[in-house]
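Participant: got a predicted structure here, sequence first:
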Amino acid sequence: MKTRAPLSFVLAGCILASIPLHKSLGADEKFQPHPLALEQADVPKGTLTQMPPWKSKIFEGTTRDWWIYVPAQYKPEKPASVMVFQDGGGYTRNTGNWRVPIVFDNLIATGKMPVTLAIFLNPGAFPTTSPGQKERSNRSFEYDSLGDRYARFLLQEILPEVEKTHPLSHNPADRAICGASSGGACAFTVAWEHPEAFGKVLSTIGSFTNLRSAHHYPSWIRKTEPKPIRVFLQDSSGDLDNPFGNWPLANQQMAAALRYMDYDVRFEYAEGYGHNGNHGGSLFPEALQWLWRSEAHTPKDVSKGSIGGDMPLQHLLLNNEPWQLVAENIAFADGPCTDADGNFYYSDMKAPAILRISTDGRTTKVSDEGASALKFGPDGRLYACQGAKKRLVAINLATQALEVLAENVQPNDLAVSRSGHIYFTETGKKQVSWIVAKTRELRAADTGITAPNGITLSHDQGTLAVSDYKGDHVWAFHIEPDGSLSAKAPYMTLRTEVDLDTPSPDGRAAVFKTASGGDGMTSDRQGRFYVASNLGIQVFDPTGRMCGILSRPQLQKPLTSCALSGQGLQYLYATNGDKIFRRKVQAEANLYHLPSSSQPAR
């Protein structure tokens, strides 16, 4: 009879270093159990409990089997880490490729991962109404779909149920999610949509193909501000190649995109194998140790491969410069703008009041007027849209003298040119209006945009850009010498949210909302355009190509507008519901509306 080596001996023989990318493992495609996937007699054993079938409200009509593993070291007085597994039943067994209870027992016992509960979830299914018939699986709809429906299922149904008896940590660094194939894509989607809830992803043979549009991820990753997610990916050359896509290429694209954006990512790729868990299962204990390691990710100087004229996010963002809170307890913040000295102004629309945050951080109320948009003009006065009063005004902040420039209008946002022309959006009228500088004549500059909202000028004063709140474009106009507009074009395409309520015509591709929520805008001296939207601040280069999307500081509050201001005019401010945030960027405010020496009128 063979005797089993003690755990300390097994650990001494474990190879914990990463297998190099594209390493060939030869023709042997059988599962090779890792030493840490072998049961050890001297290791405390956790308990695996099958829970009563779960009837979901978010996935209405479905029922699923599920299990909870609780490690022997768990103590209710200390919230535990947690890891969620899609296709959970296959992970619960002490035989096969995964052997999660054994691996967890071994790693927790040696401190290679924290005390961690595991939640194993099978996909939902619809019970059959005919005897002898197979129930309808909801797996592809749940796992392959984009958007946050499955994440909400976890956050609103499953995790609260577990926490009734087992307190869990709410720190995303203590929460991991795992899956294979479509379950792997699902794991990434959950963390992508809610990085504040899940900070670790383990995906093997992930279906980042066009089953239901997960093939978008590589391009989205490259044009989205990096999210605080640690990602372990695995695939092999023998994986699927079918009408939905090529799995090996898709996973390589995912890994390349994550590395390009400097994520904390590890990709294991082998020759051979197929669409199975043999290779991923062999790596599973090592993947867990990498995911749960204590070392922080060190940003790397990665060659970005940009060519002349490219403006990737890396040329805008600065390391260790996230959003910082600068003002709170605001009824509703909007109308951000700057003066030439970098003092930041905004409107509390419900107060009402206009306030200034000086470059030294002091906040001062400068007017009792409310406004949805503010902009200094070349005369130093503050121009404001007052939709509630159906007028556009100019305010001398020194004397509080107010001049009404237009009445019986529906102004939403405005831009003031250096020549003194005033352009403003009238969203309800589907119109861009124009006040001629010399004659003060009010004219319609354009009609037909579904919901014209934000508006800004380019640095050279040659282009006027207008966002469409209910559409997915920013429209660009050429400004003629007399100030009139020409050459209207849908110049920039805004990314929109996944529409969870509209079915796909082919049952495969994701459907995206028509309305982007394109709101307030600004531009910089380098030629970029910044557009507040439902997904965040979308940034475009001077040619209309998307540079990327900056995260919304507050996910549950409206992001109304943005402006560059502050010291050196190098801070991007965002009005986000009841708070204002800012972050330093590699850009400068475009003072297109002010001469270089202009100051507010006094």
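Facilitator: Thanks, I have the structure now.
Participant: so which strand or helix has L325?
Facilitator: If you go by DSSP states H and E, L325 is part of strand 324-327.
Participant: so which elements touch that strand?
Facilitator: strand 353-357, strand 579-584 (3 or more C-beta pairs under 8 Å, 6 or more residues apart in numbering; DSSP states H and E). Backbone N, C-alpha and C define where each C-beta goes, glycine included.
Participant: and for the longest one, what are the contacting residues?
Facilitator: By C-beta atoms under 8 Å, 6 or more residues apart in numbering, the residues outside strand 579-584 that reach it are 318, 321-328, 330, 333, 336, 344, 346, 357, 553-554, 557, 565-566, 570-574.
Participant: within the sheet, what are the partner strands of that strand, with directions?
Facilitator: strand 324-327 (antiparallel), strand 571-576 (antiparallel) (DSSP bridges).
Participant: got it, and the first one?
Facilitator: The partner list of strand 353-357 in its sheet, established with DSSP bridges, is strand 344-348 (antiparallel), strand 363-367 (antiparallel).
Participant: so which bits of the last one are buried?
Facilitator: Residues of strand 363-367 classed as buried by neighbour count (16 or more other C-beta atoms under 10 Å): V366, S367.
Participant: could you do stretch 336-352 as well?
Facilitator: For stretch 336-352, the neighbour count (16+ other C-beta under 10 Å) marks 336-340, 342-349, 352 as buried.
Participant: of those residues, closest to E369?
Facilitator: P352 (6.4 Å; C-beta to C-beta).
Participant: returning to that earlier point: between the helices and strands packed on strand 324-327, which gets nearest to D262?
Facilitator: In terms of C-beta to C-beta, the element of the helices and strands packed on strand 324-327 nearest to D262 is strand 579-584, at 17.1 Å.
Participant: what does the average pLDDT come to for that closest one?
Facilitator: Averaging pLDDT along strand 579-584 gives 98.
Participant: repeat for stretch 287-304
Facilitator: Averaging pLDDT along stretch 287-304 yields 85.
Participant: can you pull out the residues in contact with it?
Facilitator: By C-beta under 8 Å, 6+ apart, the list of residues contacting stretch 287-304 reads 16, 18, 81, 103, 107, 112-114, 116, 176, 200, 202, 230, 232, 234, 259-260, 262-264, 266, 268, 280, 312, 314, 319.
Participant: and the buried ones among those, selectable in ChimeraX?
Facilitator: To isolate the buried subset of the contacts of stretch 287-304 in ChimeraX, counting by 16+ other C-beta under 10 Å, use the following:
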select :81,103,107,112,113,114,116,176,200,202,230,232,234,260,262,263,264,266,268,280,312,314
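Participant: narrow the contacts of stretch 287-304 to those in helices?
Facilitator: Judged by DSSP state H, the subset of the contacts of stretch 287-304 located in helices is V103, L107, R259, Y260, G280.
Participant: out of these, the closest to S56 would be?
Facilitator: G280 (27.3 Å).
Participant: my read is that G462 contacts H478, right?
Facilitator: Yes - counting by C-beta atoms under 8 Å, H478 is a contact partner of G462 at 6.7 Å.
Participant: returning to what we had before: how about residues contacting the strand holding L325?
Facilitator: Contacts of strand 324-327 (C-beta under 8 Å, 6+ apart): 333, 344, 346, 355, 357, 361, 363, 553, 573, 579-583.
Participant: how about the strands in the stretch 451-600 of the chain?
Facilitator: Taking DSSP state E, counting those that start in this stretch as the test, the strands found in the stretch 451-600 of the chain are 452-457, 463-468, 473-479, 485-493, 521-523, 529-533, 536-540, 546-550, 559-565, 571-576, 579-584.
Participant: and those as CSV, adding mean neighbour count and distance to N590?
Facilitator: Output for the strands of the stretch 451-600 of the chain, formatted as CSV (neighbours: other C-beta atoms under 10 Å; distance: least, C-beta to C-beta, whole Å):
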stretch, mean neighbour count, distance to N590
strand 452-457, 27, 8
strand 463-468, 25, 11
strand 473-479, 21, 15
strand 485-493, 16, 16
strand 521-523, 27, 4
strand 529-533, 28, 10
strand 536-540, 25, 13
strand 546-550, 22, 15
strand 559-565, 27, 7
strand 571-576, 27, 12
strand 579-584, 21, 17
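Participant: and those strands: which comes nearest F284?
Facilitator: strand 546-550 (33.5 Å).
Participant: summarise which helices and strands the closest one is packed against.
Facilitator: Strand 546-550 sits against strand 536-540, with contacts defined as 3+ C-beta pairs under 8 Å, 6+ apart.
Participant: from the chain's centroid, how far away is the strand it packs on?
Facilitator: 12 Å (C-alpha atoms, centre = their mean, to the nearest Å).
Participant: tell me the mean pLDDT over that strand?
Facilitator: On average, strand 536-540 scores 98.
Participant: packing partners for that strand?
Facilitator: Against strand 536-540 (3+ C-beta pairs under 8 Å, 6+ apart) you get strand 529-533, strand 546-550, strand 559-565.
Participant: give me the residues contacting that strand.
Facilitator: Contacting residues not belonging to strand 536-540 are listed as 225, 311, 313, 316, 474, 492, 494-495, 518, 528-531, 546-552, 559, 562, 572, 574 [C-beta under 8 Å, 6+ apart].
Participant: S533 contacts M521, correct?
Facilitator: No - when contacts are counted by C-beta under 8 Å, S533 is not listed as touching M521 (9.9 Å).
Participant: now for the two: what residues contact both?
Facilitator: Taking C-beta under 8 Å, 6+ apart as the contact rule, S533 and M521 both touch S467.
Participant: what's the closest of the helices and strands packed on strand 536-540 to N396?
Facilitator: strand 559-565 (20.5 Å).
Participant: how near is the residue nearest to G520 when sequence neighbours are not counted to I549?
Facilitator: Spatial nearest neighbour of G520, chain neighbours left out: S561 (2.4 Å); criterion: C-beta to C-beta, 6 or more residues apart in numbering. Distance, S561 to I549, using C-beta to C-beta, to the nearest Å: 16 Å.
Participant: ok, the residue nearest to D541 when sequence neighbours are not counted - contacts?
Facilitator: Of all residues not flanking D541 in the chain, M311 sits nearest, at 4.3 Å (C-beta to C-beta, 6+ apart). Contacts for M311 (C-beta under 8 Å, 6+ apart) come out as Q526, R528, V539, D541, C547.
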